[in-house]
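Student: next come a sequence and a model predicted from it.
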Amino acid sequence: MSALRPHQIKAIQDVRAAYAEGCRAPILCAPTGAGKTFTAAEIIKSAIAKGNRVWFLAHLREILDDTSARLRAAEIPHGFIMAGKPTNMYRDVQVVSVQTAMRRSFSVKPGLIIIDECHLAVANTYKQVLAAAGNPPILGLTGTPCRLDGRGLGEMFDRIIPTCSTADLISDGMLSPIKYFAPSKPELSGIRTRAGDYALEQLQEAVDKASITGDAVQHYRKMCGGRPAVAFCVSISHAEHVAAQFAAAGYRTVSVSGKSTKEERKQALEGLRAGKLDVVCNAQLWVAGVDVPNIECIILLRPTKSLTFYLQAIGRGLRLAPGKTHCTVLDHAGCVFEHGPPQIAREWTLDAKKKRKKKEDVPAIKQCPMCFGVHEPAPVCPLCGHVYQTVERRGPEQVDGELVEMGAIKVGDVVRFNSPMGSMQPWEDGFPWTVTAVHADLVHVNIKREGKPVMTVKISTVDTAASALERLKVKDKKREQAAAKSLSELEAIARQRGYKPGWAKRVMAAREAKRAAASGILR
Ligand SMILES: [Zn+2]
């Protein structure tokens, strides 16, 4: 077993400090890949060294099995309170299933209970188990201390101890870097919310479409063709439809769901691990407890309001593996627009969630129009190198230097483009462009020079100002060239633009030929 990493040592110190300051129920908040069970094992060791009994409590069998394996690796002997496992109450450490424990009473009570996936723990079943165990101090573990139903974890816990973000783990080389693309976004307006998430039947209708799936298949081929992938789908039938479309495109694929047999699930996992399958399409499964490090692509086809689901789904692709350079996320579910990039540090609270999510609650993101890449705001797309154009608005209110997105422009605004490329054309130095019309994704601007309108340009907010600027550059070059009547004027332009000698003469010759041809026709 490897030694503790600095962030894990710090986490253990912070947990100790919390109890010393009178906390009885702190949450250790660490993302997938931070080694939270490993950190917990150290806490367990020191608790039993002080003569305490410790329970490790969770509700999913996969998590309990995984915990048992990790405790074994850390050489911590343990018993089980779990259906189908032999009981050994003499052990200091017990791996405990919530479902099993809520039906029992206990004479030997633990001194500490560690609760994994503790964002689920405000459920009454957990409260029953804690009461039966004599309500000892607890320690919650989770990557996302928030609940879909909006209930605050403060009902049960009294402090959140932050550790590190996924971005920290990526830069420390402990998790795979992410390349995030959102090539399409489903139309979700009008879909009802039930129990905090999108109502499933309506969601199915909105996303189970051959066009959306086809787009996902195409992007998978283009961005990660043949690399091991997991697709997250809405329902069993959706997963089947997605699998069928991947199969039709020549990929080796299966669909798995809560209804698949244990053997089918195992085969899907093994197939992916051994390189015998390209894409596993799954529904309501494979979020926690799936450990296939060579998964290189996560395909999101299930829109969700659950930040936990979103981060856990992507977490399946972040383990390191030989030959793996990064994990590609293909988001066809609009998740990143709902929750922000997966790797960012987030602020958590023990309070209940406000009813309505505010716009500013969603972290800022930028989407590249060239590659559909999604990333934290930056002047250049880190995925393809595309340079964004920003528009400086000098509207009626004359806010100097305020940079706004294209979408915020309105009729009557005077805008100008700031070119980060330096030496473009005259219009970069504050040449006024008056906005004459704004459509959903198009802005018409009227460009004036010395008070006179010279041209109207349509700028797509989708294909960005860059291409509009490019078109303008060509137009203006032609205009400048046409205005140069003499050879010496043309030569001046050639020098300024760095053209080869001879260009000006060729232009003059071409004009001469054109004139001759025209007069020939007239004759
Ligand atoms: Zn890009």
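Tutor: Okay, I see it. Residues are numbered from 1 along each chain as shown.

Student: low-confidence ranges, the stretch 151-300 of the chain, go.
Tutor: When residues are selected by pLDDT under 70, those of the stretch 151-300 of the chain lie in 286-289.

Student: strands of that one, residue ranges please.
Tutor: Secondary structure of the stretch 151-300 of the chain, counting by DSSP state E, counting those that start in this stretch: strands at 159-162, 178-181, 193-194, 197-198, 229-233, 253-257, 279-283, 297-300.

Student: and the ones you listed: which comes nearest the ion?
Tutor: Of all those, it is strand 178-181 that lies closest to the ion, at 8.8 Å by Cβ to the ion. Quick note: C-beta positions are derived from backbone N, CA and C, even for glycine.

Student: dump the strands of the stretch 151-300 of the chain to CSV, plus distance to residue 41 and mean neighbour count.
Tutor: Compiled in CSV, the strands of the stretch 151-300 of the chain are given as follows (distance: least, Cβ to Cβ, whole Å; neighbours: other Cβ atoms under 10 Å):
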stretch, distance to residue 41, mean neighbour count
strand 159-162, 17, 19
strand 178-181, 28, 22
strand 193-194, 38, 12
strand 197-198, 33, 19
strand 229-233, 28, 27
strand 253-257, 31, 23
strand 279-283, 29, 28
strand 297-300, 28, 26
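
Student: can you redo these as CSV with distance to the ion?
Tutor: Shown next, in CSV, are the strands of the stretch 151-300 of the chain (distance: least, Cβ to the ion, whole Å):
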stretch, distance to the ion
strand 159-162, 31
strand 178-181, 9
strand 193-194, 33
strand 197-198, 29
strand 229-233, 21
strand 253-257, 28
strand 279-283, 24
strand 297-300, 18
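
Student: quick one: which of these is nearest residue 479?
Tutor: Of all the strands of the stretch 151-300 of the chain, it is strand 178-181 that lies closest to residue 479, at 38.6 Å by Cβ to Cβ.

Student: helices or strands up against the closest one?
Tutor: Under the contact criterion of 3 or more Cβ pairs under 8 Å, 6 or more residues apart in numbering; DSSP states H and E, strand 178-181 touches helix 210-224, strand 327-331, strand 374-375.

Student: relative to residue 317, which of the strands of the stretch 151-300 of the chain is closest?
Tutor: So among the strands of the stretch 151-300 of the chain, strand 297-300 is nearest, using Cβ to Cβ, at 4.3 Å.

Student: mind listing the strands the closest one pairs with, and their directions?
Tutor: Using DSSP bridges, the strands paired with strand 297-300 are strand 229-233 (parallel), strand 327-331 (parallel).

Student: that older thread, turn the helices and strands packed on strand 178-181 into JSON lines, including mean neighbour count.
Tutor: Listed next are the helices and strands packed on strand 178-181 as JSON lines, based on neighbours: other Cβ atoms under 10 Å:
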{"stretch": "helix 210-224", "mean neighbour count": "18"}
{"stretch": "strand 327-331", "mean neighbour count": "26"}
{"stretch": "strand 374-375", "mean neighbour count": "22"}
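
Student: any idea which element residue 80 lies in?
Tutor: In this assignment (DSSP states H and E), residue 80 forms part of strand 79-81.

Student: dump the residue contacts of the residue lying closest to residue 216 once chain neighbours are set aside.
Tutor: Leaving out its chain neighbours, the residue that sits closest to residue 216 by Cβ to Cβ, 6 or more residues apart in numbering is residue 332, at 4.8 Å. By Cβ atoms under 8 Å, 6 or more residues apart in numbering, the contact list for residue 332 reads 182-186, 207, 212, 215-216, 219, 299-301.

Student: kindly report the same for residue 121.
Tutor: 115, 140, 153, 156.

Student: and the furthest pair within those?
Tutor: 115 and 153 (10.7 Å).

Student: shared neighbours of these two, anything?
Tutor: Jointly contacting residue 115 and residue 153 under the rule Cβ under 8 Å, 6+ apart are 121, 140.

Student: next one: the closest residue to the ion within the stretch 1-150 of the chain from residue 118, what distance?
Tutor: Nearest residue of the stretch 1-150 of the chain to the ion, counting by Cβ to the ion: residue 31, 25.5 Å away. Using Cβ to Cβ, to the nearest Å, one gets 14 Å for the distance from residue 31 to residue 118.

Student: please apply the same query to residue 295.
Tutor: Separation of residue 295 from residue 118 (Cβ to Cβ): 26 Å.

Student: quick revisit: and the residue nearest to residue 216, its phi and psi?
Tutor: As for residue 332, its main-chain torsions (degrees, to the nearest 10) stand at phi -110, psi 20.

Student: ok, the residue lying closest to residue 14 once chain neighbours are set aside - contacts?
Tutor: Distances taken as Cβ to Cβ, 6+ apart place residue 161 nearest to residue 14, at 4.7 Å, with adjacent residues excluded. Neighbouring residues of residue 161 by Cβ under 8 Å, 6+ apart: 11, 14-15, 18, 26-29.

Student: and the buried ones among these, selectable in PyMOL?
Tutor: The PyMOL command for the buried members of the contacts of residue 161 (criterion: 16 or more other Cβ atoms under 10 Å) is given here:
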select buried, resi 11+15+18+26+27+28+29
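
Student: what about the contacts of residue 161, which are in strands?
Tutor: 26-29 (DSSP state E).

Student: need the max-distance pair from those residues.
Tutor: Going by Cβ to Cβ, the pair spanning these furthest: 26 and 29, at 9.5 Å.

Student: joint contacts of the two?
Tutor: 160-161.

Student: let's have the strands paired with strand 297-300 in TSV, adding distance to residue 350.
Tutor: Listed next are the strands paired with strand 297-300 as TSV, based on distance: least, Cβ to Cβ, whole Å:
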stretch	distance to residue 350
strand 229-233	29
strand 327-331	30
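
Student: so who does the residue of the stretch 1-150 of the chain closest to the ion touch?
Tutor: Per Cβ under 8 Å, 6+ apart, neighbours of residue 31: 143, 164-166, 169, 311, 315.

Student: now it, what's its secondary structure?
Tutor: coil (DSSP: H, G, I helix; E, B strand; the rest coil).

Student: next one: phi and psi at it?
Tutor: Main-chain torsions, residue 31, degrees, to the nearest 10: phi -70, psi 170.

Student: from residue 346, how far off is it?
Tutor: 9 Å.

Student: surely residue 330 touches residue 181?
Tutor: Yes. Residue 330 lies in contact with residue 181 (Cβ atoms under 8 Å); the separation is 5.6 Å.

Student: which pLDDT value belongs to residue 460?
Tutor: As predicted, residue 460 sits at a pLDDT of 47.

Student: equivalent analysis for residue 8, please.
Tutor: You'll see residue 8 listed with a pLDDT of 90.

Student: before we move on, what SS does it have?
Tutor: With three-state DSSP as the criterion, residue 8 reads helix.

Student: what helix or strand is the residue lying closest to it once chain neighbours are set aside located in?
Tutor: Among residues not flanking residue 8 along the chain, residue 39 sits closest, at 4.6 Å (Cβ to Cβ, 6+ apart). Following DSSP H and E, the helix or strand that holds residue 39 is helix 36-49.

Student: kindly export that helix (C-alpha atoms) in CSV.
Tutor: Taking Å, rounded to 0.1, in the frame of the first residue of the first chain, the C-alpha atoms of helix 36-49 are listed here in CSV:
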residue,chain,number,x,y,z
LYS,A,36,-11.2,8.7,0.6
THR,A,37,-11.5,5.0,1.7
PHE,A,38,-7.7,4.9,2.1
THR,A,39,-7.8,8.0,4.3
ALA,A,40,-10.7,6.6,6.2
ALA,A,41,-8.7,3.4,6.8
GLU,A,42,-6.0,5.5,8.6
ILE,A,43,-8.7,7.1,10.7
ILE,A,44,-10.1,3.7,11.6
LYS,A,45,-6.6,2.5,12.6
SER,A,46,-6.1,5.3,15.0
ALA,A,47,-9.6,4.9,16.4
ILE,A,48,-9.1,1.2,17.2
ALA,A,49,-5.7,2.0,18.6
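
Student: for it, packing partners?
Tutor: Counting by 3+ Cβ pairs under 8 Å, 6+ apart, helix 36-49 packs on helix 6-20, strand 26-29, strand 54-58, helix 61-73, strand 112-115, strand 138-142.

Student: buried residues in the fourth one?
Tutor: Under the neighbour-count criterion of 16+ other Cβ under 10 Å, helix 61-73 has 63-64, 66-68, 70-71 buried.
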